[in-house]
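>>> just the structure for this:
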Amino acid sequence: MVQRRELRVVAGRSALDELPEVLTVEEAASVLRIGRGAAYELARQWRESGGRRGLPVVTLGRSLRVPREALRRLLDVGVDAWASGQ
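Here you go, the predicted structure:
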């Protein structure tokens, strides 16, 4: 079971700074507050579109990981801007 984490800002640092450099898809889903299935669907879209849309993931062996900085950029620009390639 993935532990839910709340995003908060403490002294100029967000809770994202406290996360590991790479997250599992399930951990990223928890941060985004979406379901596991939706997160894997977005990861599939990322891989199939060559990184043009979806949840940014890297493949390590047979595992998918979401880089913390990619997640931060996604949250900073918003999903719509991310999907349009900005």
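>>> make it CA atoms for all contacts and neighbour counts henceforth
Noted.
>>> let's verify Leu23: helix, strand, or coil?
The three-state label given to Leu23 by DSSP: H, G, I helix; E, B strand; the rest coil is strand.
>>> quick one: strands adjacent to the strand ranked longest in the chain?
Taking DSSP state E as the criterion, the chain has its longest strand at strand 63-67. Paired strands of strand 63-67, with direction, are strand 22-24 (antiparallel), strand 58-60 (antiparallel) (DSSP bridges).
>>> buried set for that strand?
Buried residues in strand 63-67, defined by neighbour count with 16 or more other CA atoms under 10 Å: Leu64, Arg65, Val66, Pro67.
>>> what residues does whichever helix or strand Leu42 is part of touch?
Leu42 belongs to helix 36-48 when assigned by DSSP states H and E. Under the criterion CA atoms under 8 Å, 6 or more residues apart in numbering, residues Val25, Glu26, Ala28, Ala29, Arg52, Arg53, Gly54, Leu55, Pro56, Val57 lie in contact with helix 36-48.
>>> in this structure the first one contacts Arg65, no?
Yes - in this structure, Val25 sits in contact with Arg65. The criterion is CA atoms under 8 Å, and the distance is 6.1 Å.
>>> where's Ala28 relative to Val58, distance?
Applying CA to CA, to the nearest Å, the value for Ala28 to Val58 is 13 Å.
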